[in-house]
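Participant: Fold the stuff below for me.
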Amino acid sequence: MESSIMQGASILATGSAVPDLCVSNQTLSQIVDTSDDWIVTRTGIKERRLVAKDQSLVDLAALASTRALNKASISPLEIDLIILATSSPSDLFGSASKLQATISANNAIAFDLTAACSGFVLGIVTATQFIQNGSYKNILVVGADVLSRWTDWSDRSTCILFGDGAGAAILQACPRHENGILGFQLNTDGNKSDQLSIAYQEHFAKTSLHEILNIKQGFFQQITMNGKEVYKFAVSKVPASISKCLQSLNISSEQVNWLLLHQANERILNAVADRLSIPSSKLISNLEKYGNTSAASIPLALDEAIKEDKIKFNDLIVISGFGAGLTWGTVIIKWKC
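Facilitator: Residues are numbered from 1 along each chain as shown. The predicted model follows:
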């Protein structure tokens with residue numbers, strides 16, 4: 001991989017944002033038949049953040065982006081490309097262009113990337129290709145989701161899991177020998193896409209217009225998930241993906257400084273770390289505070305770890321996302337900040 005790149009790529013700065021509204025497990029126990037103990041034991045989640053009525057996905061994404069730009073001391077006008085990883089855009093056509101306008105990154109091309117909980121990993125990999133082949137210099141990658149608006153709040157198997165948030169990272173070109181994005185490994189299994197989905201429902205009410213044009217219209221439903229199958233998928237596929245990626249780079253699990261997984265469930269995080277023989281002390285996790293924020297979970301946790309001064313120069317970070325699609329993927333980073 002190193003020999004084919006024109007220039008290196010590294011993460012220059014990160015930023016994150018969460019809504020002000022904090023919803024505890026005790027509050028959820030007033031809505032569905034559950035309890036704080038039941039939720040914490042099964043998921044590790046204690047609370048989550050939800051967007052207000054007048055708040056949008058773009059609001060969160062813009063705040064996270066602005067914080068990353070400020071840390072990097074980069075003008076929005078220096079951003080060449082914006083990749084917004086989200087499954088809950090404010091507009092079905094996409095929200096990246098609105099984000100571009102909101103942060104005044106007027107010179108940037110912008111597009112959405114939809115890969116659910118794997119979205120940020122795919123966004124980082126996509127941005128890296130554009131930088132390493134010499135196309136762009138500065139790329140803003142944002143993971144943001146407001147799945148509270150697609151959650152069935154009467155379904156205790158899913159409503160306890162999800163929260164809203166946004167995280168951003170600025171990738172910048174650098175000399176080849178300083179390349180910080182070392183390698184990646186990506187997978188998809190569309191045969192199991194129904195295990196975690198927000199499906200489209202056709203509406204069968206007939207009108208003269210529908211009969212004349214011979215069309216059907218409908219709406220998107222709410223989140224459905226087969227929790228047992230998703231768990232089995234994650235604890236088997238994610239360690240294999242990480243091992244394959246490490247082996248391709250001749251890196252051992254002992255050399256890994258930090259393991260940052262999509263924040264889905266504490267049991268999954270611990271099971272993956274255990275299968276890789278990586279101690280729990282190397283796990284980065286903020287799941288208990290925010291729940292599953294989908295594409296936002298990895299950059300949100302990364303930004304908090306940086307704020308807490310956990311990550312040091314030249315640390316090796318294994319990042320892996322997994323979820324709806326079903327998709328999963330790994331990217332290995334050498335921290336250069």
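Participant: so what's L209 scoring on pLDDT?
Facilitator: For L209, the pLDDT comes out at 65.
Participant: typed the wrong thing, it's E2
Facilitator: 47.
Participant: try the one 10 residues further on
Facilitator: Reading off the confidence values, L12 has pLDDT 97.
Participant: And the one 4 residues further on, by the same measure?
Facilitator: According to the prediction, S16 has pLDDT 98.
Participant: low-confidence ranges in the stretch 1-150 of the chain?
Facilitator: Confidence mapping of the stretch 1-150 of the chain against pLDDT under 70 gives the ranges 1-3.
Participant: What segments of it are helices?
Facilitator: Counting by DSSP state H, counting those that start in this stretch, the stretch 1-150 of the chain forms helices over residues 25-28, 36-43, 57-72, 96-102, 119-132, given from the N-terminal end onward.
Participant: Could you dump those helices into JSON lines and include mean neighbour count and distance to M6?
Facilitator: For glycine as for every other residue, the C-beta is placed from the backbone atoms N, C-alpha and C. Shown next, in JSON lines, are these (neighbours: other CB atoms under 10 Å; distance: least, CB to CB, whole Å):
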{"stretch": "helix 25-28", "mean neighbour count": "16", "distance to M6": "50"}
{"stretch": "helix 36-43", "mean neighbour count": "16", "distance to M6": "44"}
{"stretch": "helix 57-72", "mean neighbour count": "23", "distance to M6": "22"}
{"stretch": "helix 96-102", "mean neighbour count": "22", "distance to M6": "25"}
{"stretch": "helix 119-132", "mean neighbour count": "25", "distance to M6": "6"}
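Participant: For these, could you give me JSON lines that also reports distance to E178?
Facilitator: Output for the helices of the stretch 1-150 of the chain, formatted as JSON lines (distance: least, CB to CB, whole Å):
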{"stretch": "helix 25-28", "distance to E178": "45"}
{"stretch": "helix 36-43", "distance to E178": "39"}
{"stretch": "helix 57-72", "distance to E178": "16"}
{"stretch": "helix 96-102", "distance to E178": "28"}
{"stretch": "helix 119-132", "distance to E178": "12"}
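Participant: Tell me which of the ones you listed sits nearest to I215.
Facilitator: Taking CB to CB as the measure, the helices of the stretch 1-150 of the chain were each checked against I215, and helix 96-102 came out nearest at 27.6 Å.
Participant: For D303, give its distance to I333.
Facilitator: In this view, D303 and I333 are 14 Å apart by CB to CB, to the nearest Å.
Participant: Looking at the residue positioned nearest the centre of the chain now. What's its pLDDT?
Facilitator: The centre of the chain sits closest to A295, judged by CA atoms, centre = their mean, with a distance of 2.2 Å. Model confidence at A295, given as pLDDT, is 98.
Participant: try R176
Facilitator: Per-residue pLDDT puts R176 at 94.
Participant: burial measure for it, as a count.
Facilitator: 14 (other CB atoms under 10 Å).
Participant: From T327, how far off is W335?
Facilitator: When distance is defined by CB to CB, W335 is 25 Å away from T327.
Participant: Done for today, thanks.
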